[in-house]
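Engineer: I would like to see how this sequence folds:
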Amino acid sequence: MSLTQNIRKDMFDASKVGNSSHADILKLVLADIINEEKSLGKKLSDQEVIKVLRKQEKKIKDSISQFTKMDRQDLVSRETEQLHVIEAYLPALMSEEEVLKVVQKVIQDTNATSLESMGVVMGSVMKELNGRADGGTVKNIVQKLLSNTQICN
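Structural biologist: Prediction:
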């Protein structure tokens, strides 16, 4: 069963047991998936669905941050519930140590020696990690390693 089918099934199951809030969250997720399919003109693979879910996860985390600053606990709790539902469908992110190994390998493979190579390294790393790591974490590791490489040269 594809990830989209699994989400759809879980939405119907939540509706049947009367968990309308869970069902509503999954309806929004499915709507985003359908919109992405329409814009691409094709059915999404599970990897592409995960990318859609990661975008939603990032938006929700940003909202939680903003609502926390505004001291709107009611909105924080609503967004947190959405985040938990979405995270249930996402694979675990790689640890920093695992990302570090991939970045080191890409830097070695591309012979990157300075921050000027950051775009090439980031592109290769993100392609290789394929949504299994947070972009901010990857960026920080790449910057740190390329800065150190620059000092050594």
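
Engineer: top helix in the chain by residue count?
Structural biologist: Ranked by residue count, the top helix of the chain under DSSP state H comes out as helix 46-69.

Engineer: domains of the protein?
Structural biologist: With domains defined by automatic domain parsing, the chain comprises 3-87, 96-152.

Engineer: Below-threshold pLDDT in the protein: ranges please.
Structural biologist: 149-153 (pLDDT under 70).

Engineer: Next one: Met94 from Gly123, what distance?
Structural biologist: Counting by CB to CB, to the nearest Å, the separation of Met94 from Gly123 is 17 Å. (Each C-beta comes from the backbone N, C-alpha and C, glycine too.)

Engineer: Tell me which of the two has more neighbours.
Structural biologist: More neighbours surround Met94 than the other of Met94 and Gly123, with 17 against 12 (other CB atoms under 10 Å).

Engineer: sec struct for the more buried one, please.
Structural biologist: For Met94, the assignment made with DSSP: H, G, I helix; E, B strand; the rest coil gives coil.

Engineer: give the contact list for it.
Structural biologist: By CB atoms under 8 Å, 6 or more residues apart in numbering, the contact list for Met94 reads Val102, Leu129, Arg132, Ala133.

Engineer: can you give me the strands for the chain?
Structural biologist: For the chain, no strands are identified by DSSP state E.

Engineer: Tell me who's in contact with the spatially most central residue of it.
Structural biologist: Nearest to the mean C-alpha position of the chain, by CA atoms, centre = their mean, lies Arg54 at 2.8 Å. Under the criterion of CB under 8 Å, 6+ apart, the contact list for Arg54 reads Leu90, Gly131.

Engineer: repeat that for 6 Å
Structural biologist: Counting by CB atoms under 6 Å, 6 or more residues apart in numbering, Arg54 touches Gly131.

Engineer: Next, find the distance separating it from Ser63.
Structural biologist: Arg54 sits 15 Å away from Ser63, taking CB to CB as the criterion.
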